[in-house]
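K.L.:
sequence and predicted structure below; questions after.
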Amino acid sequence: MHHLQKDGALRELRGELPQAVTDAIDFSDALGEVYLWVDALCIVQDDNSSKDVYISRMDQIYGGAHVTLVTLNDPSAISALPGVALSRVLIQSPVEINGLHLVPRLPQLSIVEQYSTWSRRAWTFQEGILSRRCLYFAEHQVFWQCRTTYQSEDCLHGHDQDASDTVRGRRYNPLEQETGNDTILQFNVYESLIKQYSPKALTFPADSLFAFAGVLSAIADSFSWKFASALPESAFDLALLWRPMFGATMRPRALSGQKAEPLVCTSPTWCWTAWRGHLFWDPWHLDCFASQTVAIKSEVPSFWIRDSVGLRQIRRQQDIDSHVRISGYTASSQTKADCALVFEAKIINIKAYHISIPQMDQCSLWISKITGGGLSHYFRNKIAHSLWIYDAAGQHCGTLPGFGLDARPMPGKDRPPHYLVLLSRSSQDEVTQSAIQHSQDHLPLEYPSEREYYEEIFDTRHYKYKNDWALNVMLVRWENGLARRVAVGQLHADAWNKAFQESRLITLV
């Protein structure tokens, strides 16, 4: 370690360096650049303190760099930066037709990037998002991209800078969007970045938060946000309501008593970094549908975070936080997560309900549409990937979207109990068919009808619309005094009020 910090140390080890590093050194030297940052060398890989210092500052490192060098080449290729150490392969075959010399264009950056390993890796996501300028080395040519222009070797006269990003081959960067002080636009930027990042691959699940830390730092600087794990504190009630899309999976986790290691994820279950796959916040039930805006009101007086530093209160944007310190809380020795969320809330044992796949023979909307034939694709897709909550009378009263039958809590003597935790309440003016028709120009091709919008959550024959009918609930599994997130969904307020409730201090890990 000390030897590598001496001037000229890398010259002695040049033959042992990866080809990518050697090519980057030669290319930087040819440009007359004095400094080169290489993650694998500049961050001591087996020193956690070194990682802690630099990983959260990657926004400064990439943002302060003159240019970031990116290789889109096949990782099995000999040359990491095509055209530096070895010649590139030229696939253009010019032809002459009636005296005209025609040359096929090479693939644009967006196409090359789409099929590259670089675009599928979680760690490299922040390179493209945080860098001011990127030089992409592909198999056939080099691309230049900055925040104002895009160029490639096969287009000497430049690209149409007024064309769309797709036409120019340029990636959309949500951080470049003007948001001002609009909290909704700011959250949309945050959500867009998560949607791009969450499906990407990690060799070590334990890195799921670290690989996004630089982006979080950039968001924090831009919006003056503070984060609890990877959720913004100023919009914490909304941020807790993220949902995995069908096919997303929870990252491997350590079993009770098992020591944390790189192959298991240490993110708390209430944070989206604990999952891999496509994630989202339901825009029509949490934001707006058919011009009917949703307002979320918290049902939790205060949230607290317990981590290695101690216990602190989450400061939400709304003036709703209680300044009374939580009482009766004792840190459990079972808590292994980096962040435990501590709060008092109302809960109901799921024994008061029945959770199963949708029973379509009991759904009036399904029956009236002749076995679903007249239902929208949106509705049929939603019910195919959701579990429905039924009350004691067998009536549909709530929905847990995003996962299938194998994920439902199964009753049993030796199985841990499950509870529904009341997080917040959504209020919204009634969605009518006329409001939907009036908003058609702003809706996608597939959208629900008035009845489908509500039948997705409850049976409209037995439960009726009212302004604040929608309760946002979290299904948790309770083990050894600790709660773990299973799913998030919505329940009709009347179904909640009919069941036995109790208040409990919850430690969510």
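P.N.:
Everything's here; your move.
K.L.:
which parts of the stretch 51-200 of the chain are strands?
P.N.:
68-71, 95-97, 100-102, 133-137, 142-146, 150-152 (DSSP state E, counting those that start in this stretch).
K.L.:
with mean neighbour count added, can I get those strands in CSV?
P.N.:
In this view, the C-beta of every residue, glycine as well, is placed from N, C-alpha and C. Shown next, in CSV, are the strands of the stretch 51-200 of the chain (neighbours: other C-beta atoms under 10 Å):
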stretch, mean neighbour count
strand 68-71, 22
strand 95-97, 8
strand 100-102, 8
strand 133-137, 20
strand 142-146, 19
strand 150-152, 22
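K.L.:
let's have those in a markdown table, adding distance to Leu263 and mean pLDDT.
P.N.:
Formatted as a markdown table, these follow (distance: least, C-beta to C-beta, whole Å; pLDDT from 0 to 100):
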| stretch | distance to Leu263 | mean pLDDT |
| --- | --- | --- |
| strand 68-71 | 27 | 94 |
| strand 95-97 | 53 | 91 |
| strand 100-102 | 53 | 90 |
| strand 133-137 | 31 | 94 |
| strand 142-146 | 35 | 92 |
| strand 150-152 | 39 | 89 |
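K.L.:
and stretch 185-203, how far from the chain's centre?
P.N.:
4 Å (C-alpha atoms, centre = their mean, to the nearest Å).
K.L.:
in it, what's buried?
P.N.:
186-191, 193-194, 196-198, 200, 202 (16 or more other C-beta atoms under 10 Å).
K.L.:
quick revisit: dump the strands of the stretch 51-200 of the chain to a markdown table, plus distance to Asp207.
P.N.:
As requested, the strands of the stretch 51-200 of the chain are exported to a markdown table (distance: least, C-beta to C-beta, whole Å):
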| stretch | distance to Asp207 |
| --- | --- |
| strand 68-71 | 19 |
| strand 95-97 | 48 |
| strand 100-102 | 47 |
| strand 133-137 | 22 |
| strand 142-146 | 26 |
| strand 150-152 | 30 |
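K.L.:
what's the helix or strand for Ile383?
P.N.:
According to DSSP states H and E, Ile383 maps onto helix 377-384.
K.L.:
helix or strand next in line after that helix, which one?
P.N.:
Defined by DSSP H and E, the subsequent element after helix 377-384 is strand 386-390.
K.L.:
note down every partner strand of that following strand and its orientation.
P.N.:
strand 354-356 (antiparallel), strand 396-401 (antiparallel) (DSSP bridges).
K.L.:
angle of the longest one against helix 377-384?
P.N.:
Orientation note: strand 396-401 sits at an angle of 90 degrees relative to helix 377-384 (axes from the mean of the first three to the mean of the last three C-alpha atoms, to 10 degrees).
K.L.:
renumber starting at 895 from here on
P.N.:
Renumbered: residue one is now 895, and that last one reads strand 1290-1295.
K.L.:
ok, residues contacting strand 1290-1295?
P.N.:
1137, 1176, 1247, 1249, 1252-1253, 1256-1257, 1276, 1279-1285, 1350-1353, 1356-1357, 1367, 1369, 1381-1386, 1388-1389 (C-beta atoms under 8 Å, 6 or more residues apart in numbering).
K.L.:
which of the three states applies to the residue nearest to Gln1289 when sequence neighbours are not counted?
P.N.:
Spatial nearest neighbour of Gln1289, excluding adjacent residues (C-beta to C-beta, 6 or more residues apart in numbering): His1356 at 4.4 Å. Reduced to three states with DSSP: H, G, I helix; E, B strand; the rest coil, the structure at His1356 is coil.
K.L.:
and the pLDDT at His1356?
P.N.:
pLDDT recorded at His1356 is 94.
K.L.:
burial check on it, number of neighbours?
P.N.:
When neighbours are defined as other C-beta atoms under 10 Å, His1356 has 16 of them.
K.L.:
contacts only, for it.
P.N.:
His1356 neighbours (C-beta under 8 Å, 6+ apart): 1287, 1289-1291.
K.L.:
re the thing from before, and which of the buried residues of stretch 1079-1097 is nearest to Pro912?
P.N.:
Leu1096 (19.9 Å; C-beta to C-beta).
K.L.:
contacting residues around the closest one?
P.N.:
Contacts of Leu1096 (C-beta under 8 Å, 6+ apart): 1015-1017, 1102, 1105, 1170.
K.L.:
what does Leu925 give?
P.N.:
Leu925 touches nothing, counting by C-beta under 8 Å, 6+ apart.
K.L.:
so which residue is smack in the middle of this protein?
P.N.:
Ile1088 (3.1 Å; C-alpha atoms, centre = their mean).
K.L.:
how much space separates that one from Thr1097?
P.N.:
Per C-beta to C-beta, to the nearest Å, Ile1088 is found 20 Å from Thr1097.
K.L.:
would you map the helices across the stretch 995-1144 of the chain?
P.N.:
Using DSSP state H, counting those that start in this stretch, the helices assigned to the stretch 995-1144 of the chain run over residues 1003-1008, 1011-1014, 1019-1024, 1059-1062, 1077-1091, 1107-1117, 1130-1133.
K.L.:
buried deepest among the ones you listed, which one?
P.N.:
Comparing the helices of the stretch 995-1144 of the chain by mean neighbour count (mean count of other C-beta atoms under 10 Å), helix 1130-1133 ranks first with a mean of 23.
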